[in-house]
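Participant: from the sequence below, what's the structure:
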Amino acid sequence: MPTKYLHMKKNQLMHDIHNALLADFESERSDVRVLDLMDTRKSASVQKLPKRILYVDDDPLARKAFQRRFIGMDYIVTTVDSGLKALKIFLDHRFDAVVLDVSMPEMDGFAVLEQLKKIDSRLPVMMMSGVSESYGERAQRKGCDGFFPKSCETKELDQCLLAKWK
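Facilitator: The predicted structure is shown next:
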């Protein structure tokens, strides 16, 4: 087959996959922001895809603030408001890291951490707390890869994530 024909088929396939994913996300989750992969394609050659982070916090202002932290960076941030929703969306979609709030109703961050590590022991999971940094030692014992106060600098969190992905 001519190279031009294969290139056209590849572009059509990427476009079809993109549209299917976008439709799936938009129909099921209005709180999920989807990056338009077709618009971010750097070239027809191999592209580095952005890392996907799942952020779990019952506070809507904290979720919005966390998303704003990573605007303009090479991340796609998905937020959910409970541990149970986090586990469901984690099973349905691929994420490169998860960041959990410690204190949440139904299922706290420690319980979510334990379940996530059972599913994928290599998954980087960070925890944040606006209440107390004393949870850090407990989080580390349970397999947490980093513990931060909610007031931490984005740069600190970014550096920890990058170190875990190497």
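
Participant: lowest confidence element among the helices and strands of this structure?
Facilitator: Taking mean pLDDT, DSSP states H and E as the measure, helix 3-28 is the helix or strand of the chain with the lowest mean score, a mean of 48.

Participant: which element follows that helix toward the C-terminus?
Facilitator: Later in the chain than helix 3-28, the nearest helix or strand by DSSP states H and E is strand 51-56.

Participant: parallel or antiparallel, list what pairs with that following strand.
Facilitator: Each strand paired with strand 51-56, and its direction, by DSSP bridges: strand 75-80 (parallel), strand 97-101 (parallel).

Participant: and the gap between Val98 and Phe148?
Facilitator: Look at Val98 and Phe148: by CB to CB, to the nearest Å, they are 13 Å apart. All C-beta spots, glycine's among them, are computed from the backbone N, C-alpha and C.

Participant: more crowded one of these two?
Facilitator: The neighbour count for Val98 versus Phe148, taken as other CB atoms under 10 Å, is higher for Val98 (25 against 17).

Participant: quick check: bridge partners of the residue nearest the centre of the chain?
Facilitator: Nearest to the mean C-alpha position of the chain, by CA atoms, centre = their mean, lies Ile53 at 1.4 Å. Taking DSSP bridges as the rule, Ile53 bridges to Val77, Ala97.

Participant: coming back round to it: what is in contact with Val98 and Phe148 at once?
Facilitator: Met126 (CB atoms under 8 Å, 6 or more residues apart in numbering).

Participant: sketch out the low-pLDDT regions of the chain for me.
Facilitator: 1-47, 132-133 (pLDDT under 70).

Participant: outline the domain layout of it.
Facilitator: 1-37, 51-165 (automatic domain parsing).

Participant: highest average neighbour count across these?
Facilitator: Stretch with highest mean neighbour count among the domains of the chain: domain 51-165 (a mean of 17; mean count of other CB atoms under 10 Å).
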